[in-house]
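>>> only geometry, no sequence info:
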């Protein structure tokens with residue numbers, strides 16, 4: 001049986017201040033066409049910073 005290709009893709013999030021890629025998440029490619037930007041915790045800086053979508057994984 002053929003497997004249906006889903007609408008969700010796996011993406012990596014990179015901190016805008018340090019360049020660390022510490023988070024991996026999913027997004028729906030139909031509902032969210034633009035790049036994702038989230039405020040996430042950066043353990044190196046010990047504060048919340050802006051993380052942007054950088055690449056598709058897998």
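Sure, I can see it. Computed from a predicted model, the values in this text were never measured in an experiment.
>>> hmm, who's touching the longest strand along the chain?
Taking DSSP state E as the criterion, the chain has its longest strand at strand 47-57. By CB atoms under 8 Å, 6 or more residues apart in numbering, the residues outside strand 47-57 that reach it are 9-18, 21-24, 27, 35-42. Any C-beta I mention is one placed from the backbone N, CA and C, and that applies to glycine too.
>>> could you pull out the helices for the chain?
In the chain, no helices are found when defined by DSSP state H.
>>> for it, which spans come out with low pLDDT?
Within the chain, the ranges that satisfy pLDDT under 70 run 1-4, 58.
>>> one more time with 80, if that's ok
Where the chain drops to pLDDT under 80, the residues are 1-5, 56-58.
>>> Let me see the ranges of the strands in it.
8-15, 21-28, 37-42, 47-57.
>>> winner for burial among the ones you listed?
strand 8-15 (a mean of 16; mean count of other CB atoms under 10 Å).
>>> what packs against that one?
Applying 3 or more CB pairs under 8 Å, 6 or more residues apart in numbering; DSSP states H and E, one finds that strand 8-15 contacts strand 21-28, strand 37-42, strand 47-57.
>>> Run the angle between it and strand 47-57 for me.
Taking axes from the mean of the first three to the mean of the last three CA atoms, to 10 degrees, strand 8-15 and strand 47-57 form an angle of 140 degrees between their directions.
>>> residues in contact with residue 31?
So residue 31 contacts residue 7 (CB under 8 Å, 6+ apart).
>>> ok, residue 24 - contacts?
By CB under 8 Å, 6+ apart, the contact list for residue 24 reads 10, 11, 12, 13, 57.
>>> Across the sheet, point out what pairs with the closest residue to the second one other than its chain neighbours.
If you skip the residues right next to it in sequence, residue 11 has residue 53 as its closest partner in space, 4.9 Å away by CB to CB, 6 or more residues apart in numbering. Counting by DSSP bridges, residue 53 forms beta bridges with residue 13.
>>> Over to residue 25?
In beta-bridge terms (that is, DSSP bridges), residue 25 pairs with residue 11.
>>> Against residue 10, how distant is it?
Computed as CB to CB, to the nearest Å, the residue 25 to residue 10 distance reads 8 Å.
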